[in-house]
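With the input below, show me the fold.
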Amino acid sequence: MHTFTLIFILMVIATAGIQLWLSLRQAKHVAEHRAKVPDEFTDKISLEEHQKAADYTQTKGAFGRLELLLGTVILFLWTLGGGLEWLDNLWRGANWGPMATGVAVIISFSLISSLIDLPTSLYNTFVIEEKFGFNKTTLKTFFVDMLKGALLSLVIGIPLIVLVLWLMESAGDYWWLYAWLALTAFSILMMWAYPKFIAPIFNKFQPLEEGEVLDRLTSLLNRTGFNSDGVFIMDGSKRSSHGNAYFTGFGKTKRIVFFDTLLKHLTPTQVEAVLAHELGHFKRKHVLKGMILSITMTFIGFAVLAWLMKQDWFYNSLGVSHPSTYMALILFILISPAFTFFIGPLMARWSRKHEFEADEFAAQQSNAGELISALVSLYKKNAGTLTPDPLYSAFYDSHPPASIRIAHLKQVGQN
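Have a look, this model is predicted:
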């Protein structure tokens with residue numbers, strides 16, 4: 001057995017083992033606190049709502065553990081089990097050129113992976129989400145969305161794949177630098193295009209109607225100096241009863257989006273507080289920092305890939321006998337999660353820091369008490385657990401636990 005084969009096996013097992021252990025900790029902790037609403041929420045959330053959140057968390061966690069085990073087996077089947085080798089040999093038999101063969105292998109790999117994931121997606125949507133009253137999607141909408149996503153991926157993905165493979169084949173030792181620049185430009189283009197040209201393929205967006213909510217939001221945007229393409233309502237209720245709000249776009253295409261499910265359950269002052277929080281991310285340059293971090297990590301990733309693709313052991317130790325640029329790309333994408341998993345807690349901590357900063361901005365520009373009320377309402381509506389395991393939360397959660405976040409808001413609201 002090649003040394004890297006052993007390293008790969010150990011990293012995958014270690015990563016899966018830690019994820020499984022953390023998930024079991026979460027399940028135990030939530031179960032132990034299921035019988036009682038935390039003291040700070042007793043006047044806001046009923047025991048029935050608290051237990052629904054606990055049961056929802058438990059159910060999703062149990063299914064997530066099954067997905068983790070299946071995903072680990074599938075990873076080994078693709079690599080050491082010979083799945084990629086079989087797929088590569090299948091398309092090599094067509095006697096096409098390296099570029100056409102590479103595109104065919106990558107597209108067929110993506111298609112097969114999507115089909116493998118389909119049963120779990122269906123179960124999550126039509127069993128788990130349905131059981132807890134969140135699913136509003138029909139089978140027709142589900143499969144139409146899937147078809148739209150597949151066609152969009154082909155239209156956008158094939159030219160990008162061709163460009164990257166061409167650079168890998170033809171641009172010399174510094175291909176990875178050119179590929180990184182191309183991908184960075186493509187990502188910025190997608191940020192600009194997504195709000196106006198891509199998102200409307202899947203959802204309807206309507207400008208927020210005139211009234212108290214729009215008046216409050218307009219006033220907030222004016223006093224914070226934020227320019228956008230507008231405030232829009234998305235028909236999120238077409239697929240789920242979960243509520244959310246987000247910024248999207250780049251430059252003049254920036255827009256603020258509220259799910260219609262969110263607006264149905266918040267007062268105008270609460271909506272204003274939620275928007276103030278989202279503006280905090282922009283004003284504290286969290287979006288820009290996130291872009292810079294993503295671009296930097298992509299740069300490092302391409303540099304590592306450029307070195308690995310020259311090493312025969314990289315292919316042979318992962319079950320592939322014919323080195324190629326496209327196979328290096330697929331292998332790198334497949335195995336990277338096992339080697340970057342331990343960055344997760346640092347990223348989660350960084351994200352939670354940004355959430356605290358955005359809350360502080362919201363407390364300055366609106367009302368901390370209204371944001372607290374909005375958060376409690378969202379926890380109830382989305383069945384978010386109030387009692388996550390501290391270690392699990394530290395490892396995974398991009399947002400601070402409810403009790404910690406609300407305590408922080410109360411503190412900054414008094415300043």
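
host element of residue 257?
If you go by DSSP states H and E, residue 257 is part of strand 255-259.

what sits up against the next helix or strand after that strand?
Downstream of strand 255-259, the first helix or strand assigned by DSSP H and E is helix 260-263. For helix 260-263, contacts defined as Cβ atoms under 8 Å, 6 or more residues apart in numbering pick out 213, 233-237, 240-245, 271, 274, 378, 381. Where C-beta positions appear, they are placed from N, C-alpha and C, glycine not excepted.

Quick one: mean pLDDT over helix 260-263.
Average pLDDT, helix 260-263: 86.

With stretch 181-192 instead?
Summarised as a single mean, pLDDT over stretch 181-192 is 91.

For it, output the C-alpha coordinates as CSV.
Coordinates of each C-alpha in stretch 181-192 appear next as CSV, following Å, rounded to 0.1, in the frame of the first residue of the first chain:
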residue,chain,number,x,y,z
LEU,A,181,-7.6,34.6,-12.0
ALA,A,182,-10.2,33.2,-14.4
LEU,A,183,-12.2,31.6,-11.6
THR,A,184,-12.0,34.8,-9.5
ALA,A,185,-13.3,36.8,-12.4
PHE,A,186,-16.0,34.2,-13.0
SER,A,187,-17.1,34.3,-9.3
ILE,A,188,-17.4,38.1,-9.4
LEU,A,189,-19.4,37.9,-12.6
MET,A,190,-21.7,35.4,-11.0
MET,A,191,-22.2,37.6,-7.9
TRP,A,192,-23.2,40.4,-10.3
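
For the closest residue to residue 221 other than its chain neighbours, give me its contacts.
With sequence-adjacent residues excluded and distances taken as Cβ to Cβ, 6 or more residues apart in numbering, residue 221 is closest to residue 228, at 6.9 Å. Neighbour list for residue 228: 221, 249, 254, 255, 256 [criterion: Cβ under 8 Å, 6+ apart].

what's the answer for residue 85, then?
319, 320, 321.

Quickly note the distance from residue 72 to residue 159.
Computed as Cβ to Cβ, to the nearest Å, the residue 72 to residue 159 distance reads 33 Å.

the more surrounded of these two?
Comparing residue 72 with residue 159 by other Cβ atoms under 10 Å, the one with more neighbours is residue 72, at 18 against 11.

wait, the more buried one sits on residue 17?
No - the criterion here is Cβ atoms under 8 Å, and residue 72 misses it with residue 17 at 9.7 Å.

Just the pLDDT for the spatially most central residue of the chain.
Centroid-nearest residue in the chain, with Cα atoms, centre = their mean: residue 398, separated by 10.5 Å. pLDDT recorded at residue 398 is 92.

Tell me the spatial nearest neighbour of it, not counting adjacent residues.
Nearest non-adjacent residue to residue 398, counting by Cβ to Cβ, 6+ apart: residue 351, 4.0 Å away.

and residue 233, helix, strand or coil?
strand (DSSP: H, G, I helix; E, B strand; the rest coil).

My reading is that residue 247 is in a strand; is that accurate?
Yes - assessed with three-state DSSP, residue 247 lies in a strand.

what's the spacing between it and residue 351?
The gap separating residue 247 from residue 351 is 15 Å, by Cβ to Cβ.

Sketch out the low-pLDDT regions of this protein for me.
When residues are selected by pLDDT under 70, those of the chain lie in 251-253, 415.

hmm, back to that, turn the contacts of residue 85 into JSON lines, including neighbour count and distance to residue 143.
Shown next, in JSON lines, are the contacts of residue 85 (neighbours: other Cβ atoms under 10 Å; distance: Cβ to Cβ, whole Å):
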{"residue": "319", "neighbour count": "20", "distance to residue 143": "33"}
{"residue": "320", "neighbour count": "20", "distance to residue 143": "33"}
{"residue": "321", "neighbour count": "12", "distance to residue 143": "37"}
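
Need these in JSON lines (columns: distance to residue 95 and secondary structure).
Output for these, formatted as JSON lines (distance: Cβ to Cβ, whole Å; DSSP: H, G, I helix; E, B strand; the rest coil):
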{"residue": "319", "distance to residue 95": "23", "secondary structure": "coil"}
{"residue": "320", "distance to residue 95": "19", "secondary structure": "coil"}
{"residue": "321", "distance to residue 95": "18", "secondary structure": "coil"}
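
ok, of these, which one's closest to residue 389?
Comparing the contacts of residue 85 against residue 389 with Cβ to Cβ places residue 319 closest, at 36.3 Å.

ok, back up a step: which two in the contacts of residue 228 are spaced the farthest apart?
Across the contacts of residue 228, the longest distance by Cβ to Cβ is 14.4 Å; it joins 221 and 249.

Please identify the buried residues of the one helix or strand residue 337 maps to?
Taking DSSP H and E as the criterion, residue 337 maps to helix 325-340. By neighbour count on 16 or more other Cβ atoms under 10 Å, the buried set for helix 325-340 is 325, 326, 327, 328, 329, 330, 331, 332, 334, 335, 338.
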